[in-house]
Each structure stands twice: as C-alpha cells, then as structure tokens.
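Asks: With the input below, show me the fold.
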Amino acid sequence: MTITMYGIKNCDTIKKARVWLETHGIEYVFHDYKASGADEGKLRAWVSEHGWETILNRAGTTFRALPDADKQGLDADKAVTLMLANPSMIKRPVLDLGEKTIVGFKPDVYIETFAKQ
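Replies: This is a model prediction of the structure:
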C-alpha cells in the first residue's frame, strides 16, 4: 500500500506530520499542491468521505481574503471549485491510506491508525 500525503511543502502542520511519519519509519509519497496542483476527482472523493466543511479550510488567510460573494452559499460543488482554484484552501494534510483518508494532523489519530497496520 502506498501512502500519499497531500499538502503544501512549507506548511507548519505538514512539517509536523512529515516528521511524525519519518520518526515512526512510515514511508509515504508527498504531493505538493503548489507544484502539482489539486485533482478534482480526489477532492470530490474527500468531500464525499468527510464533508466539504471538513476539507475546506475556512480559517486560513486565503479563504478569509475572498470576496464575501465567494463565501456565501457554500455547498460541496462551490467548495470544490474554490479549492481547485486555490489549493491553499484545502485542509492540510490529507493522508491517503488507500482505503480511507485522514484529514489534519493529530498525533493520537496517527498513532491509532498506524498501530492497526
């Protein structure tokens, strides 16, 4: 099984998650949105699995800087459109384990997840 971490290389949360995985000897592939973009199919799958409210990072500066009109009437389709145009708005990291994904970095969730493997 190939584990893929999606995010932005210089994000502090990504750095913490990468250090955690490396410290625990867990191999992964890193997909940088800034270098490689975001995939609509994957975004839609994550939104289906977790809800757009979880995947869209509304606390970040990119979202907060949007015009109010872009923030109104949010739904799954509009959220995906915004995230495709601005991958910085995707919650980080998204860790794709194949059969499921983990959104965000919480060491206890990683411990629980990888203890089962």
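Asks: Can you show me the strands along this protein?
Replies: All strands of the chain, identified by DSSP state E, fall at 4-7, 29-32, 94-96, 101-103.
Asks: where are the low-confidence patches of the protein?
Replies: Residue ranges of the chain with pLDDT under 70: 116-117.
Asks: before we move on, back to that, redo the strands of the chain as JSON lines? Include mean neighbour count.
Replies: All C-beta atoms are positioned from the backbone trio N, CA, C, and that covers glycine. Listed next are the strands of the chain as JSON lines, based on neighbours: other C-beta atoms under 10 Å:
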{"stretch": "strand 4-7", "mean neighbour count": "22"}
{"stretch": "strand 29-32", "mean neighbour count": "15"}
{"stretch": "strand 94-96", "mean neighbour count": "23"}
{"stretch": "strand 101-103", "mean neighbour count": "19"}
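Asks: can I get those strands in CSV with distance to Thr13?
Replies: Compiled in CSV, the strands of the chain are given as follows (distance: least, C-beta to C-beta, whole Å):
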stretch, distance to Thr13
strand 4-7, 8
strand 29-32, 13
strand 94-96, 11
strand 101-103, 11
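Asks: Can you tell me how far Asn57 is from Thr113?
Replies: According to C-beta to C-beta, to the nearest Å, Asn57 stands 21 Å off from Thr113.
Asks: Of those two, which one has the most company?
Replies: Counted by other C-beta atoms under 10 Å, Asn57 and Thr113 do not tie: Asn57 has more neighbours, with 18 against 14.
Asks: count of neighbours near the closest residue to that one other than its chain neighbours?
Replies: In space, and not counting its chain neighbours, Asn57 is closest to Lys91: 4.6 Å by C-beta to C-beta, 6 or more residues apart in numbering. Lys91 is flanked by 22 other residues according to other C-beta under 10 Å.
Asks: Also Ala69?
Replies: 7.
Asks: can you pull out the helices in the chain?
Replies: 12-23, 33-36, 40-50, 52-55, 61-64, 68-71, 76-85, 107-115 (DSSP state H).
Asks: Show me what stretch 45-60 is in contact with.
Replies: Residues outside stretch 45-60 that contact it (C-beta atoms under 8 Å, 6 or more residues apart in numbering): 43, 63-64, 74-76, 79-80, 82-83, 88-92, 94, 100-101, 103.
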